[in-house]
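J.: What would the 3D arrangement of this be:
(one chain, ligands or ions: 1)
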Amino acid sequence: VLLPTPEDCGRVVADAVVGSVLPALARGGPVVLGLATGSSPLLAYRELLRRHREEGLDLTGVQAFLLDEYVGLPAGHPESYREVIRRELTDALGLDPAVVHGPDGAAADPLQAARDYEQQLLAAGPVVVQVLGIGSNGHVGFNEPGSSLASRTRVKTLTEQTRADNARFFGGDVEAVPRHVITQGLGTILGAEHLVLVATGEGKAAAVAAAVEGPLTASCPGSVLQLHPHVTLVVDEAAGNRL
Ligand code: GLP
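T.: Here you go, the predicted structure:
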């Protein structure tokens, strides 16, 4: 879907989330929603919050699972992705923090924490809809270029570009950005029933074009979406201008 503005993208992503989650909730049982952090989905999250406030959107019964987490930030650190998603979305949606899951980046053994998270997700799943952003280098979750297309949840090292991109969340100080992360693998992400990737702005245009129209390659982790039968790509004019 190619739309004029980022706000339009937010509405369409919110529609996709609600359109997958509400029917699943109506069928009963816990419903797993896959959430991404980063700036790309924020307008969609604001739109979900607006619908919650003004239209009574009720996502009670959802279990939310994050894509990724920094390694080494203490639990409760404001930039840890569990904290970010609580602050930006789930608290105001009225979801109990206990239903918001993420890899344990503060664990003494991050390798084990990654395996545990994969098991927890597989046991809870399937993810009915997974919200995704894309990094300027084509990364999805924190699967940097070179990630195996079949990878499962594991510890990864961030590229310098991603650390520089994310320094803005750490007061502009790239040294404050953790070097390691736990991320769902590309194979893990492909297990979701519906993938919704949102990208806005000129800075994402090359990554979007490579992911959608380029070859299937570990050099562009986003290209793995070409393997999935149900993907909704939501881009504004700027991010779509190389398609
Ligand atoms: C971050 C996150 C990804 C996100 C991407 C793009 O580092 N780990 O999940 O999709 O990079 O970030 P943004 O949306 O802020 O451009």
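J.: Lowest-scoring secondary structure element of this protein by mean pLDDT?
T.: helix 160-166 (a mean of 93; mean pLDDT, DSSP states H and E).
J.: Would you indicate which residues of it are buried?
T.: 162-163, 165-166 (16 or more other CB atoms under 10 Å). C-beta here means a position set from N, CA and C on the backbone, and glycine is covered the same way.
J.: what do you get for stretch 170-188?
T.: 170, 177-178, 181-188.
J.: all helices for this protein, in order.
T.: Under the criterion DSSP state H, helices of the chain are mapped to 6-26, 42-55, 81-85, 110-124, 160-166, 186-190, 205-213.
J.: in this structure, which residue is closest to the centre?
T.: residue 36 (2.1 Å; CA atoms, centre = their mean).
J.: Contacts only, for that residue.
T.: 66-67, 130-133, 141 (CB atoms under 8 Å, 6 or more residues apart in numbering).
J.: Apply 6 Å and report the result again.
T.: Taking CB atoms under 6 Å, 6 or more residues apart in numbering, we find residue 36 in contact with 67, 131-133.
J.: List, out of the residues you listed, those positioned next to the ligand.
T.: 67, 133 (CB under 6 Å from any ligand atom).
J.: Tell me how many other residues surround the residue in the chain that the ligand sits nearest to.
T.: At 2.5 Å from the ligand, residue 133 is the closest residue in the chain, using CB to the nearest ligand atom. When neighbours are counted by other CB atoms under 10 Å, residue 133 registers 22.
J.: Give me the distance between the closest residue to it other than its chain neighbours and residue 197.
T.: Excluding the flanking residues, the one nearest residue 133 by CB to CB, 6 or more residues apart in numbering is residue 40, at 3.4 Å. To residue 197, residue 40 is 9 Å away according to CB to CB, to the nearest Å.
J.: just residue 183 next, same as before
T.: 16 Å.
J.: What of residue 226?
T.: 12 Å.
J.: Specify which residue of the two has the higher count of neighbours.
T.: residue 197 (24 against 14).
J.: and the residue nearest to residue 150 when sequence neighbours are not counted, how far is that from residue 65?
T.: Of all residues not flanking residue 150 in the chain, residue 187 sits nearest, at 4.3 Å (CB to CB, 6+ apart). Distance of residue 187 to residue 65, given as CB to CB: 15 Å.
J.: can I get the helices of the chain in a markdown table with distance to the ligand?
T.: A markdown table is the format used below for the helices of the chain (distance: least, CB to the nearest ligand atom, whole Å):
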| stretch | distance to the ligand |
| --- | --- |
| helix 6-26 | 11 |
| helix 42-55 | 8 |
| helix 81-85 | 8 |
| helix 110-124 | 15 |
| helix 160-166 | 5 |
| helix 186-190 | 10 |
| helix 205-213 | 9 |
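J.: Which one of those has the poorest average confidence?
T.: Confidence, taken as mean pLDDT, is least for helix 160-166 of these (a mean of 93).
J.: What lies in contact with that helix?
T.: 135, 137, 174, 177.
J.: Which positions in stretch 119-126 come out as buried?
T.: Applying 16+ other CB under 10 Å to stretch 119-126 flags 120-121, 125 as buried.
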